[in-house]
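Trainee: sharing a model prediction with you, sequence too.
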Amino acid sequence: MKVFIADGYEKMSKQAADDVVEMMNSRQQPLICTASGDSPAGLYKEIAERSNKKQVDVSNWFFVGLDEWVGMNGNDEGSCRYHLDKQLFQPLKIDNSKICFFDGRKKDLEGECQHTENFIVQHGGMDAVILGVGLNGHVGMNEPGTLLDTHSHVTDLDPTTQQVGQKYFTKEQKLTKGITLGLATIMEARNIILLVGGKHKADIIQKVIEGEISEKLPATLLRRHPSFKIYLDADAASKIVSGK
């Protein structure tokens, strides 16, 4: 585990972008997994700006989505795909054939899980997984108690996730289930990138970095990965005791 602490959110995002681009450039047809959410938004903005300035070429990149609310897809305002379309896929002009993303509206959700796992295998595995962390320690929609050997699956959402998730919508939604890459799928990636900004995440970050590794806090399990990098702004890092 390596921890990078930046003075502010923008510096954190730039540092992460430098490293992600380097990871992706090391492969001919790299595959990146993208999380939606506030923490990685700055990273996506930075990559889009560099692409527009011809500083980075993403024409050979492939993408897989991390998770989605069951009952929603990119046509639903506030869905995970909706936000990533706005933040990343549309600014980068990514062809839909290069994106694999859970469709939470499909009747056969197990089929969606298998399709996503197959896509990852067909592309030689994921070169980088971009993650945020929930206030309850979840990554993706792998809620507290999720087993480490779990691959893509449909899950019941923790009450905290149901409540916090409302911020992505203009009207209150019934958020009871999610579809997500599993912890085992994430751990099979070559690199794991965790981005966290804001003082409201300071408590959970302290536990993720310094607490006991446990399925009760899924994000702590990432510490077992050989290439796990955490990018924090000063606010998110404010309660780390060890001063890493």
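Mentor: Okay, I see it.
Trainee: for the chain, name the helix or strand with the lowest mean pLDDT.
Mentor: Every helix and strand in the chain was compared by mean pLDDT, DSSP states H and E; the lowest is helix 159-164, with a mean of 92.
Trainee: output that helix as CSV, nothing but the C-alphas.
Mentor: What follows is helix 159-164, C-alpha atoms only, in CSV (Å, rounded to 0.1, in the frame of the first residue of the first chain):
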residue,chain,number,x,y,z
PRO,A,159,-29.0,1.6,4.7
THR,A,160,-26.1,4.1,4.7
THR,A,161,-25.6,3.5,0.9
GLN,A,162,-29.3,4.0,0.3
GLN,A,163,-29.3,7.3,2.1
VAL,A,164,-26.1,8.7,0.8
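Trainee: what helices or strands is the helix or strand that it is followed by leaning on?
Mentor: Once helix 159-164 ends, the next helix or strand along the chain (criterion: DSSP states H and E) is strand 177-180. With contacts defined as 3 or more Cβ pairs under 8 Å, 6 or more residues apart in numbering; DSSP states H and E, strand 177-180 has these neighbours: strand 67-69, helix 109-122, strand 153-156. For glycine as for every other residue, the C-beta is placed from the backbone atoms N, C-alpha and C.
Trainee: ok, which stretches of this structure are helices?
Mentor: Counting by DSSP state H, the chain has helices at residues 9-25, 41-52, 80-84, 109-122, 159-164, 183-187, 202-210.
Trainee: and among these, the most buried is which?
Mentor: With neighbours defined as mean count of other Cβ atoms under 10 Å, the helices of the chain peak in mean count at helix 80-84, which reaches a mean of 23.
Trainee: packing partners of it?
Mentor: Helix 80-84 packs on strand 62-65, strand 67-69, going by 3+ Cβ pairs under 8 Å, 6+ apart.
Trainee: show me what the first one is packed against.
Mentor: With contacts defined as 3+ Cβ pairs under 8 Å, 6+ apart, the secondary structure elements packing on strand 62-65 are strand 31-34, helix 80-84, strand 99-100, helix 109-122.
Trainee: hmm, try it at 6 Å
Mentor: Packed against strand 62-65 by the contact rule (3 or more Cβ pairs under 6 Å, 6 or more residues apart in numbering; DSSP states H and E) you find strand 31-34.
Trainee: contacts for the strand it packs on?
Mentor: Applying Cβ atoms under 6 Å, 6 or more residues apart in numbering, the contact partners of strand 31-34 are 62-64, 66, 84, 123, 126-130.
Trainee: among the residues you listed, the buried ones, what's the PyMOL command?
Mentor: A single PyMOL command selects the buried members of these (16 or more other Cβ atoms under 10 Å):
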select buried, resi 62+63+64+66+84+123+126+127+128+129+130
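Trainee: list just the nearest of the contacts of strand 31-34 to residue 12.
Mentor: residue 130 (13.0 Å; Cβ to Cβ).
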